[in-house]
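>>> Starting from these lines, generate the structure:
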Amino acid sequence: MGGITFKNQVVELAHYVNGNFGTASGLLGLGFSTLNAAQPAAKTFFDNVIPTLQQPLFGVNFKPNTANSYDFGFIDQTKYPGSLSWVSILPIDYKTNPGWWMFTSSTFKFGNGGINTFNGANGPISVPVIADTGTTLMYMPDQMVQAYYSTLPGSRYDQQDGLWVYPCNQNPNVQPISISAGNANTWITFTLDALKFGSINSTTCVLALQSSNAFGINIIGDT
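Numbering: from 1, shown residues only. Next up, the predicted model:
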């Protein structure tokens with residue numbers, strides 16, 4: 001894969017594939033081996049190839065309407081502007097992080113607006129967030145989701161589809177979303193192209209930002 005080889009990699013076969021899976025032939029899990037559901041227990045592809053890589057890392061370059069790529073073992077500086085920021089992931093254990101690429105976020109903002117803190121019952125908190133290229137949407141706490149859709153008049157939660165939706169005529173008012181990662185000095189920004197997910201009909205549109213409250217895990221997918 002991309003010039004990287006590992007012989008005798010364990011691959012789990014599916015007996016049933018959901019129709020929403022599309023035409024893809026499989027999922028390449030890039031989490032840590034503690035998440036691997038294959039039996040008997042086996043390491044993931046990335047864990048297996050780490051010793052063979054120039055650097056123990058991989059890069060993901062996902063942009064709307066362009067060819068995307070993974071880079072194993074090196075950082076291609078032509079694929080991003082400016083400089084990289086490094087954020088620590090949460091320690092892997094079976095209670096808080098069983099093997100995801102998980103970091104903490106304490107603040108968020110919309111466009112050029114002010115900075116908001118995530119709040120719990122007793123005040124400001126940091127929430128765990130998973131970076132997952134196997135997920136399409138962006139699932140974040142209700143506090144942030146409701147605050148965002150309140151900036152788009154006519155937005156509502158559609159019980160039938162289980163999604164937040166908004167009037168398509170509000171497209172000019174859709175703003176980029178930024179969340180802090182690890183500390184207040186590092187921000188991840190989701191542009192308008194990344195946020196505009198689709199439409200239900202000619203008047204009702206859907207953004208990638210949705211609530212995580214139903215399953216209790218905050219995820220930023222490949223939006």
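
>>> quick one: Thr186 and Ser106, what's the gap?
Distance, Thr186 to Ser106, using C-beta to C-beta, to the nearest Å: 11 Å. From N, CA and C alone the C-beta is placed, and that goes for glycine too.

>>> Any chance you could list residues touching both of those two?
With contacts defined as C-beta atoms under 8 Å, 6 or more residues apart in numbering, the residues shared by Thr186 and Ser106 are Ser180.

>>> Which one of those two is surrounded by more residues?
The residue with more neighbours, out of Thr186 and Ser106, is Ser106; 18 against 14, by other C-beta atoms under 10 Å.

>>> Can you give me every residue that contacts Tyr148?
Phe110, Gln175, Ile177, Leu209.

>>> cool, Trp187 as well?
Neighbours of Trp187 in contact, by C-beta under 8 Å, 6+ apart: Ser178, Ile179, Ser180, Ala181.

>>> who does the third one bridge with?
Yep, that's Ser180 we're talking about. Ser180 forms beta bridges with Trp187, as assigned by DSSP bridges.

>>> Count residues in the vicinity of it, would you?
By other C-beta under 10 Å, neighbour count at Ser180 equals 23.

>>> any idea how far Val11 is from Leu27?
On the measure of C-beta to C-beta, Leu27 and Val11 end up 11 Å apart.

>>> ok, now Lys63?
The value you get for Lys63 to Val11, if C-beta to C-beta is used, is 29 Å.

>>> hmm, back to that, next step: the contacts of Tyr148 restricted to strands.
Phe110, Ile177, Leu209 (DSSP state E).

>>> which strand residues sit across from the last one in the sheet?
Here Leu209 sits in beta bridges with Met138, going by DSSP bridges.

>>> That one contacts Ile177, doesn't it?
Yes - if you go by C-beta atoms under 8 Å, Leu209 and Ile177 touch, sitting 6.3 Å apart.

>>> shared neighbours of the two, anything?
With C-beta under 8 Å, 6+ apart as the test, Leu209 and Ile177 both reach Met138, Tyr148, Phe190, Leu195.

>>> burial measure for the closest residue to Leu84 other than its chain neighbours, as a count.
The shortest distance from Leu84 to any non-neighbouring residue, by C-beta to C-beta, 6 or more residues apart in numbering, is to Ile75 (7.1 Å). Look at Ile75: counted by other C-beta under 10 Å, it has 13 neighbours.

>>> Just say helix, strand or coil for Ile75.
coil (DSSP: H, G, I helix; E, B strand; the rest coil).

>>> where does the closest residue to Pro64 other than its chain neighbours fall, phi/psi-wise?
Spatial nearest neighbour of Pro64, chain neighbours left out: Asp193 (4.2 Å); criterion: C-beta to C-beta, 6+ apart. Taking degrees, to the nearest 10, you get phi -60, psi -40 for the backbone angles of Asp193.
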